[in-house]
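Student: Fold the following.
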Amino acid sequence: MAKVAREMVEKTGVNVDQLVELLVKNAAAELTTFYYYTILRVNLIGLDGEGIKEIAETARIEDRNHFEALVPRIYELGGKLPEDMKVFHDLSACPPASLPKNPRDIQAMLKVLVEAERCAVRGYTHICNLTAGKDHRTYDLSLAILNEEVEHEAWFSEFLGEGPSGHYLRRGETSPWVGKFLR
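Tutor: Residues are numbered from 1 along each chain as shown. As a prediction, the model looks like this:
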(Lines give C-alpha, C1' and ligand atoms only; values in the text may rest on other atoms or scores of the structure.)
Protein backbone atom coordinates (compact mmCIF):
# COMPACT_ATOMS: atom_id res chain seq x y z
CA MET A 1 0.00 0.00 0.00
CA ALA A 2 1.17 3.53 -0.73
CA LYS A 3 0.75 4.88 2.81
CA VAL A 4 1.35 8.50 1.83
CA ALA A 5 -1.22 8.25 -0.97
CA ARG A 6 -3.92 7.17 1.48
CA GLU A 7 -2.80 9.71 4.06
CA MET A 8 -2.95 12.60 1.57
CA VAL A 9 -6.44 11.61 0.41
CA GLU A 10 -7.65 11.30 4.01
CA LYS A 11 -6.29 14.79 4.80
CA THR A 12 -8.56 16.25 2.12
CA GLY A 13 -11.62 14.94 3.92
CA VAL A 14 -12.40 12.07 1.58
CA ASN A 15 -13.69 8.97 3.35
CA VAL A 16 -11.07 6.61 1.92
CA ASP A 17 -12.85 3.44 3.03
CA GLN A 18 -16.00 4.59 1.19
CA LEU A 19 -13.93 5.53 -1.85
CA VAL A 20 -12.17 2.15 -1.90
CA GLU A 21 -15.56 0.42 -1.63
CA LEU A 22 -16.80 2.40 -4.65
CA LEU A 23 -13.65 1.58 -6.60
CA VAL A 24 -13.98 -2.14 -5.81
CA LYS A 25 -17.64 -2.13 -6.83
CA ASN A 26 -16.81 -0.37 -10.08
CA ALA A 27 -13.90 -2.75 -10.72
CA ALA A 28 -16.36 -5.61 -10.24
CA ALA A 29 -18.73 -3.94 -12.70
CA GLU A 30 -15.94 -3.60 -15.26
CA LEU A 31 -14.79 -7.21 -15.01
CA THR A 32 -18.31 -8.64 -15.03
CA THR A 33 -19.25 -6.38 -17.94
CA PHE A 34 -16.20 -7.66 -19.82
CA TYR A 35 -17.48 -11.20 -19.20
CA TYR A 36 -21.10 -10.48 -20.15
CA TYR A 37 -20.08 -8.42 -23.19
CA THR A 38 -18.14 -11.47 -24.38
CA ILE A 39 -21.38 -13.45 -24.38
CA LEU A 40 -23.31 -10.60 -25.98
CA ARG A 41 -20.68 -10.12 -28.68
CA VAL A 42 -20.63 -13.74 -29.79
CA ASN A 43 -24.41 -13.55 -30.12
CA LEU A 44 -24.30 -10.46 -32.36
CA ILE A 45 -24.86 -12.33 -35.59
CA GLY A 46 -26.71 -11.73 -38.81
CA LEU A 47 -26.89 -8.47 -40.73
CA ASP A 48 -28.06 -6.40 -37.76
CA GLY A 49 -25.70 -7.97 -35.24
CA GLU A 50 -22.59 -7.71 -37.39
CA GLY A 51 -22.98 -3.93 -37.56
CA ILE A 52 -22.76 -3.67 -33.79
CA LYS A 53 -20.11 -6.34 -33.17
CA GLU A 54 -17.05 -4.08 -33.63
CA ILE A 55 -18.43 -1.45 -31.25
CA ALA A 56 -19.34 -4.06 -28.65
CA GLU A 57 -15.84 -5.51 -28.95
CA THR A 58 -14.21 -2.11 -28.40
CA ALA A 59 -16.39 -1.49 -25.34
CA ARG A 60 -15.62 -5.00 -24.07
CA ILE A 61 -11.85 -4.57 -24.33
CA GLU A 62 -11.98 -1.11 -22.81
CA ASP A 63 -14.00 -2.39 -19.86
CA ARG A 64 -11.27 -4.96 -19.23
CA ASN A 65 -8.74 -2.13 -19.41
CA HIS A 66 -10.79 -0.14 -16.90
CA PHE A 67 -10.63 -3.06 -14.49
CA GLU A 68 -6.86 -3.35 -14.98
CA ALA A 69 -6.41 0.39 -14.37
CA LEU A 70 -8.57 0.43 -11.22
CA VAL A 71 -6.82 -2.42 -9.41
CA PRO A 72 -3.56 -0.59 -8.61
CA ARG A 73 -5.45 2.40 -7.21
CA ILE A 74 -7.55 0.15 -4.99
CA TYR A 75 -4.39 -1.37 -3.49
CA GLU A 76 -2.62 2.01 -3.28
CA LEU A 77 -5.43 3.23 -1.05
CA GLY A 78 -5.21 0.16 1.19
CA GLY A 79 -8.04 -1.79 -0.36
CA LYS A 80 -8.07 -5.22 -1.94
CA LEU A 81 -10.17 -7.36 -4.21
CA PRO A 82 -12.29 -10.12 -2.69
CA GLU A 83 -10.67 -13.54 -2.87
CA ASP A 84 -13.93 -15.16 -4.02
CA MET A 85 -15.03 -14.39 -7.60
CA LYS A 86 -18.69 -15.00 -6.74
CA VAL A 87 -18.50 -12.39 -3.99
CA PHE A 88 -16.73 -10.01 -6.36
CA HIS A 89 -19.40 -10.51 -9.03
CA ASP A 90 -22.17 -9.79 -6.55
CA LEU A 91 -20.46 -6.57 -5.38
CA SER A 92 -20.78 -5.06 -8.85
CA ALA A 93 -21.91 -1.45 -8.94
CA CYS A 94 -24.05 -2.32 -11.97
CA PRO A 95 -26.45 -5.16 -12.68
CA PRO A 96 -25.26 -7.94 -15.00
CA ALA A 97 -25.38 -7.10 -18.70
CA SER A 98 -27.03 -10.43 -19.36
CA LEU A 99 -28.00 -11.80 -22.72
CA PRO A 100 -31.69 -11.05 -23.41
CA LYS A 101 -34.14 -13.97 -23.41
CA ASN A 102 -34.20 -13.77 -27.20
CA PRO A 103 -30.56 -13.37 -28.26
CA ARG A 104 -31.65 -12.57 -31.82
CA ASP A 105 -33.53 -9.45 -30.65
CA ILE A 106 -30.94 -6.80 -31.51
CA GLN A 107 -33.00 -3.99 -29.98
CA ALA A 108 -33.11 -5.85 -26.66
CA MET A 109 -29.37 -6.49 -26.94
CA LEU A 110 -28.74 -2.77 -27.55
CA LYS A 111 -30.85 -1.87 -24.52
CA VAL A 112 -28.72 -4.17 -22.35
CA LEU A 113 -25.55 -2.59 -23.74
CA VAL A 114 -26.69 1.02 -23.35
CA GLU A 115 -28.01 0.48 -19.82
CA ALA A 116 -24.70 -1.06 -18.76
CA GLU A 117 -22.90 2.02 -20.07
CA ARG A 118 -25.33 4.40 -18.39
CA CYS A 119 -24.76 2.69 -15.07
CA ALA A 120 -21.01 3.10 -15.55
CA VAL A 121 -21.40 6.78 -16.45
CA ARG A 122 -23.37 7.36 -13.25
CA GLY A 123 -20.79 5.51 -11.14
CA TYR A 124 -17.73 7.31 -12.47
CA THR A 125 -19.46 10.68 -12.35
CA HIS A 126 -20.14 10.02 -8.66
CA ILE A 127 -16.49 9.11 -8.00
CA CYS A 128 -15.32 12.21 -9.90
CA ASN A 129 -17.63 14.37 -7.81
CA LEU A 130 -16.26 12.85 -4.58
CA THR A 131 -12.60 13.23 -5.55
CA ALA A 132 -12.52 16.49 -7.56
CA GLY A 133 -9.87 18.76 -6.09
CA LYS A 134 -9.16 16.26 -3.31
CA ASP A 135 -7.74 13.02 -4.72
CA HIS A 136 -6.08 13.96 -7.98
CA ARG A 137 -4.99 10.45 -9.00
CA THR A 138 -8.37 8.79 -8.43
CA TYR A 139 -10.11 11.74 -10.07
CA ASP A 140 -7.84 11.57 -13.13
CA LEU A 141 -8.36 7.82 -13.44
CA SER A 142 -12.13 8.03 -12.95
CA LEU A 143 -12.41 10.90 -15.42
CA ALA A 144 -10.46 8.93 -18.01
CA ILE A 145 -12.77 5.95 -17.56
CA LEU A 146 -15.81 8.25 -17.61
CA ASN A 147 -14.73 9.68 -20.97
CA GLU A 148 -14.62 6.22 -22.49
CA GLU A 149 -17.91 5.13 -20.89
CA VAL A 150 -19.66 8.22 -22.27
CA GLU A 151 -18.47 7.26 -25.75
CA HIS A 152 -19.70 3.69 -25.29
CA GLU A 153 -23.12 4.96 -24.27
CA ALA A 154 -23.21 7.31 -27.26
CA TRP A 155 -22.38 4.53 -29.71
CA PHE A 156 -25.13 2.22 -28.45
CA SER A 157 -27.74 4.96 -28.05
CA GLU A 158 -27.24 5.96 -31.69
CA PHE A 159 -28.08 2.40 -32.76
CA LEU A 160 -31.26 2.67 -30.68
CA GLY A 161 -32.21 5.75 -32.72
CA GLU A 162 -31.95 8.16 -29.79
CA GLY A 163 -30.26 10.73 -32.01
CA PRO A 164 -26.75 11.61 -33.13
CA SER A 165 -24.08 11.90 -30.48
CA GLY A 166 -21.20 13.35 -32.46
CA HIS A 167 -18.95 10.48 -31.35
CA TYR A 168 -17.12 8.28 -33.81
CA LEU A 169 -15.82 4.73 -33.51
CA ARG A 170 -12.13 4.68 -32.76
CA ARG A 171 -10.05 2.86 -35.36
CA GLY A 172 -7.10 0.81 -34.21
CA GLU A 173 -6.88 2.39 -30.77
CA THR A 174 -8.53 1.27 -27.58
CA SER A 175 -8.62 3.13 -24.29
CA PRO A 176 -7.19 6.45 -25.47
CA TRP A 177 -7.87 8.08 -22.10
CA VAL A 178 -7.20 5.11 -19.82
CA GLY A 179 -4.13 3.91 -21.72
CA LYS A 180 -1.76 6.07 -19.68
CA PHE A 181 -2.78 4.15 -16.55
CA LEU A 182 -1.92 0.82 -18.18
CA ARG A 183 1.71 1.60 -19.02
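Student: Name all residues that make contact with residue 115.
Tutor: Going by C-beta atoms under 8 Å, 6 or more residues apart in numbering, residue 115 touches residue 97. For every residue, glycine as well, the C-beta is placed using N, CA and C.
Student: State the helix or strand in which the nearest residue to residue 60 once chain neighbours are set aside lies.
Tutor: Distances taken as C-beta to C-beta, 6 or more residues apart in numbering place residue 37 nearest to residue 60, at 3.8 Å, with adjacent residues excluded. In the assignment (DSSP states H and E), residue 37 maps to helix 16-42.
Student: Pull out the buried positions in that helix.
Tutor: 16, 19-20, 22-37, 40-41 (16 or more other C-beta atoms under 10 Å).
Student: before we move on, back to that, please report how far the residue nearest to residue 60 lies from residue 77.
Tutor: 27 Å (C-beta to C-beta, to the nearest Å).
Student: still on that earlier bit, any idea how far the residue nearest to residue 60 lies from residue 159?
Tutor: Counting by C-beta to C-beta, the gap from residue 37 to residue 159 is 15 Å.
Student: same question, residue 72
Tutor: Counting by C-beta to C-beta, the gap from residue 72 to residue 159 is 34 Å.
Student: okay, these two: which has more neighbours?
Tutor: It is residue 159, of residue 72 and residue 159, that has more neighbours when counted by other C-beta atoms under 10 Å, with 17 against 14.
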